[in-house]
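[1] turn this into a structure:
(2 chains)
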Number of protein chains: 2
Amino acid sequence: MDPKFIQSIVEDVVKNYMKIRETVNNKIPIAISNRHVHLCKQDLNMLFGEGYTLTKMKDLSQPGQFAAQETVTLAGSKGRVKTGVRILGPERSKTQVEISRTDGFELDIMPPVRDSGDLAGSPGIVIVGPKGAITLKEGVICAWRHIHMNPEDALHFGVTDKQYVKIKVPGDRELIFDRVLVRVSNQYSLEMHVDIDEANAGFIKNNDLVDLII
Amino acid sequence: MDPKFIQSIVEDVVKNYMKIRETVNNKIPIAISNRHVHLCKQDLNMLFGEGYTLTKMKDLSQPGQFAAQETVTLAGSKGRVKTGVRILGPERSKTQVEISRTDGFELDIMPPVRDSGDLAGSPGIVIVGPKGAITLKEGVICAWRHIHMNPEDALHFGVTDKQYVKIKVPGDRELIFDRVLVRVSNQYSLEMHVDIDEANAGFIKNNDLVDLII
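    Here you go, the predicted model:
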């Protein structure tokens, strides 16, 4: 066979392979976070009774994290409430409430967009459980959109922990999310998290694939 | 005075002016559309009584358009309703209901993203007024995000009617909306329209300025 012919076939195959690889490899599955609460041990005791333990309803995609069977009520000002707000486990060192901006308008509370755990100066709220209520001085945030990945993923994408990247969401309502926070840990599995408002703006469903653009 | 010194000052002034001009000139004010209903004459009569005329509550930014004092109730399936849904006037040739995806989840109805007036194959809904109800066969949409502009604006931006452009929204939740529809008419004044989900995703407020990127 003509070596040039063979070479051209090999080149075509490699080109197609690279194209497929590039397409597949930029993809990240996306997950939608609804409003939820993380509780510290003390607040869990106040809301559900001394020595209470959360009951797992289902595992979340991030290893060790779970949705609990237990829910609470959030009480904003002007008598506005949200009932049935899911608790995520396990317990954390500090109580944190994550809501969407839509929730914020409904509760009459306007939290800033923050990375998880960065609560300084954020507004408080009243959380009501079956055995009592707590008045949080601060801790209500809108979650900064972010991508969880392990160090191998980070190497693959060529990004590092705390880097900001762009993410493209395809469809009729194609969106590019700028300032998406990358979080790298060997405790994480690859997944982008957005809140309900961000999902509804882009007609995003759980497990849709989005493109990383650095 | 040294002519070179004068020249350098003039050059500086011109440079700064061009920079300011460039910055100002890419900007478009944005407005948030909440859920609303446009009614045809026949449906208005069915809902409010024969010969009824809408009462203007306030003018909208687009010339001739107004928010009416009158509201209706939207009834989805499973007993889900939205009360107090604003009617926009004047009457149109066809009844059209515009809701957000969040509203869609709450009403258990999933309309497509469509340009205004493009209703073929969209889902229907029940609309309830003080004198009766109508069962719409089709006409519920999520509005395709769009920019109204007059021919002079179009010339300025270098775009034409029905072109799609990108829009950049600055801030902590910086977003680039792709596939934004340009609508040109001498009946329009310059304004981009997004729905509540798109606004909340980007922490957008009415009259915020966004950047056109072609």
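[2] state the next helix or strand along the chain beyond the lowest-mean-pLDDT helix or strand in chain A.
    Taking all helices and strands of chain A together, the one with the lowest average confidence (mean pLDDT, DSSP states H and E) is helix A:3-25, at a mean of 64. Following helix A:3-25 in sequence order, the next helix or strand is strand A:27-33 (DSSP states H and E).
[3] and the next helix or strand past that following strand?
    Beyond strand A:27-33 in the direction of the C-terminus, DSSP H and E gives the next helix or strand as strand A:36-38.
[4] contacts for that next one, please.
    Identification of contacts with strand A:36-38 by CB atoms under 8 Å, 6 or more residues apart in numbering or on different chains yields A:67, A:72, A:74, A:85-88, A:91-92, A:94-98, A:127. All C-beta atoms are positioned from the backbone trio N, CA, C, and that covers glycine.
[5] out of these, who has the most neighbours?
    Looking at the contacts of strand A:36-38 with neighbours defined as other CB atoms under 10 Å in any protein chain shown, the largest count falls to residue A:97 at 28 neighbours.
[6] how about residue A:185, what does it touch?
    A:148, A:150, A:151, A:161.
[7] could you do residue A:206 as well?
    Contacts of residue A:206 by CB under 8 Å, 6+ apart are A:30, A:31, A:32.
[8] now for the helix or strand hosting residue A:155, which elements pack on it?
    Secondary-structure assignment from DSSP H and E places residue A:155 in helix A:151-157. Packing partners of helix A:151-157 (3 or more CB pairs under 8 Å, 6 or more residues apart in numbering or on different chains; DSSP states H and E): strand A:175-184.
[9] could you check the angle strand A:27-33 makes with the strand it packs on?
    In terms of direction (axes from the mean of the first three to the mean of the last three CA atoms, to 10 degrees), strand A:175-184 departs from strand A:27-33 by 90 degrees.
[10] what pLDDT does the residue sitting nearest the centre point of chain A get?
    For chain A, the residue lying nearest the average C-alpha position, counting by CA atoms, centre = their mean, turns out to be residue A:193 (2.9 Å). Model confidence at residue A:193, expressed as pLDDT, equals 97.
[11] and whichever helix or strand comes after the helix holding residue A:155, what's buried?
    Sequence order places strand A:164-169 as the next helix or strand after helix A:151-157, per DSSP H and E. Residues of strand A:164-169 classed as buried under the neighbour-count rule (16 or more other CB atoms under 10 Å in any protein chain shown) are A:165, A:167, A:169.
[12] which of the residues you listed come close to chain B?
    The overlap between these and the neighbours of chain B (CB under 8 Å from any CB of the partner chain) is empty.
[13] pick the one among the residues you listed closest to chain B.
    Taking CB to the nearest CB as the measure, chain B sits nearest to residue A:169 out of those, at 8.9 Å.
[14] run a quick neighbour tally on residue A:5.
    Applying other CB under 10 Å, we find 9 residues neighbouring residue A:5.
[15] scratch that, residue A:34 is what I was asking about
    Using other CB under 10 Å, residue A:34 has 14 other residues around it.
[16] any idea what sits nearest it, other than its immediate chain neighbours?
    Take residue A:34 and drop its neighbours on the chain: the residue closest to it by CB to CB, 6 or more residues apart in numbering or on different chains is residue A:196, 5.8 Å away.
[17] what's the pLDDT at that neighbour?
    Spelled out, the predicted local distance difference test score at residue A:196 is 97.
[18] for it, what are its contacts?
    Remark: with contacts taken as CB under 8 Å, 6+ apart, residue A:196 is in contact with A:32, A:33, A:34, A:35, A:100, A:102, B:102.
[19] how is chain A partitioned into domains?
    Structurally, chain A divides into domains by automatic domain parsing as follows: A:27-31+A:145-213, A:35-143.
[20] residues of chain A that sit close to chain B?
    Neighbours of chain B within chain A, by CB under 8 Å from any CB: A:100-102, A:105, A:112-113, A:144-145, A:172-179, A:196-198, A:200-203.
[21] correct me, but residue A:123 touches residue A:135?
    No - at 11.8 Å, residue A:123 does not count as touching residue A:135 under the criterion of CB atoms under 8 Å.
[22] where does chain A dip in pLDDT?
    For chain A, the stretches with pLDDT under 70 are A:1, A:13-24.
[23] does the residue nearest to the centre of chain A really touch residue A:28, like I thought?
    No - using CB under 8 Å as the test, residue A:193 is too far from residue A:28 to be in contact (10.5 Å).
[24] next, the closest residue to residue A:71 other than its chain neighbours: secondary structure please.
    Setting aside the residues directly before and after it, residue A:71 is nearest to residue A:84 in space (CB to CB, 6+ apart), at 4.7 Å. Secondary structure of residue A:84, reduced to three states by DSSP: H, G, I helix; E, B strand; the rest coil: strand.
[25] which residues touch residue A:83?
    Residue A:83 sits next to A:71, A:73 when contact means CB under 8 Å, 6+ apart.
[26] coming back round to it: residue A:123 and residue A:135: which has the busier surroundings?
    When residue A:123 and residue A:135 are compared for neighbours, residue A:123 comes out ahead with 20 against 9, by other CB under 10 Å.
[27] A strand includes the more buried one, no?
    No - with three-state DSSP as the criterion, residue A:123 is coil rather than part of a strand.
[28] thinking again about what came up before, narrow the residues of chain A next to chain B to those that are buried.
    A:100-102, A:113, A:144-145, A:173-179, A:196-198, A:200-203.
[29] just the ones of the residues you listed in helices?
    Cross-referencing these against helices under DSSP state H gives A:101, A:102, A:196, A:197, A:198, A:200, A:201.
[30] pretty sure the second one is touching residue A:199, no?
    I take that to be residue A:102. No - here residue A:102 lies out of contact with residue A:199, judged by CB under 8 Å, at a distance of 11.1 Å.
[31] need the contacts of residue A:185 in JSON lines with distance to residue B:8 and neighbour count, can you?
    Supplementary listing: the contacts of residue A:185 in JSON lines, determined by distance: CB to CB, whole Å; neighbours: other CB atoms under 10 Å in any protein chain shown:
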{"residue": "A:148", "distance to residue B:8": "53", "neighbour count": "22"}
{"residue": "A:150", "distance to residue B:8": "55", "neighbour count": "16"}
{"residue": "A:151", "distance to residue B:8": "53", "neighbour count": "13"}
{"residue": "A:161", "distance to residue B:8": "46", "neighbour count": "12"}
